[in-house]
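Asker: Pasted the sequence and its predicted model underneath.
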Amino acid sequence: MSYSCKNLVVGCGNILFKDDGFGPRVIEALNEYFADKEMPEDTKFVDGGVGAPQYIFSLPDPSWEKVIVIDALEFNGEPGELRIYSPNNMVINEYGGAHAVPLDQSLLTLTRMGVEVAIVGCKLKEVTEPDVVIGLSEEVEAAIPKAVEMVLEQLDYKK
């Protein structure tokens, strides 16, 4: 699959480990939102899973102008709280949460290449790895509609 587009929106996480599946669930909600609407021009929504984001971001496409990453993160706050970060205002190696491969350096590299990068982070409640628990906690599930709104704002999408 080609990721050649102006705006790339990537949901990171593993749906098998409870709140770690937040990113993919937001991508699913975005696809549902645009089922009967015109998508923002030259935009792709990608369920990046766990390992794929590292490869996606380390092999950037020259057409990218904006990359939006959606993920469950660990930060001081209440479960389900949403925040927008840039790679420049995150503590090095903080990004990645439950993921084995930190993405902060790849995302910083994208910004140095002139790509605008925004991270829509949701404070997770529970990641069950290695135990498989499919489904988000109530608080994180409730944050999905607001996360969709935040992504649409980042894309300057007019409803």
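Answerer: Ah, there it is.
Asker: Number of residues surrounding the closest residue to residue 64 other than its chain neighbours?
Answerer: Counting by CB to CB, 6 or more residues apart in numbering, residue 64 lies nearest to residue 115, which is 5.0 Å off, once chain neighbours are set aside. No exception for glycine: its C-beta is placed from N, CA and C like everyone else's. Using other CB atoms under 10 Å, residue 115 has 19 neighbouring residues.
Asker: Pull the contacting residues for residue 115.
Answerer: 60, 64, 65, 66, 67 (CB atoms under 8 Å, 6 or more residues apart in numbering).
Asker: Quick check: it vs residue 39, distance?
Answerer: Distance, residue 115 to residue 39, by CB to CB, to the nearest Å: 20 Å.
Asker: Select the helix or strand of the chain having the lowest average pLDDT value.
Answerer: Within the chain, judged by mean pLDDT, DSSP states H and E, the helix or strand with the poorest mean is helix 52-58; its value is a mean of 74.
Asker: which is the next helix or strand following it?
Answerer: Using DSSP states H and E, the helix or strand that follows helix 52-58 towards the C-terminus is strand 66-73.
Asker: From the chain's centroid, how far away is that next one?
Answerer: Computed by CA atoms, centre = their mean, to the nearest Å, the chain-centroid distance of strand 66-73 equals 3 Å.
Asker: Phi and psi next, for the closest residue to residue 129 other than its chain neighbours.
Answerer: Leaving aside its sequence neighbours, residue 129 sits nearest to residue 17 (CB to CB, 6+ apart; 4.4 Å). Backbone torsions for residue 17, taken as degrees, to the nearest 10, come to phi -120, psi 60.
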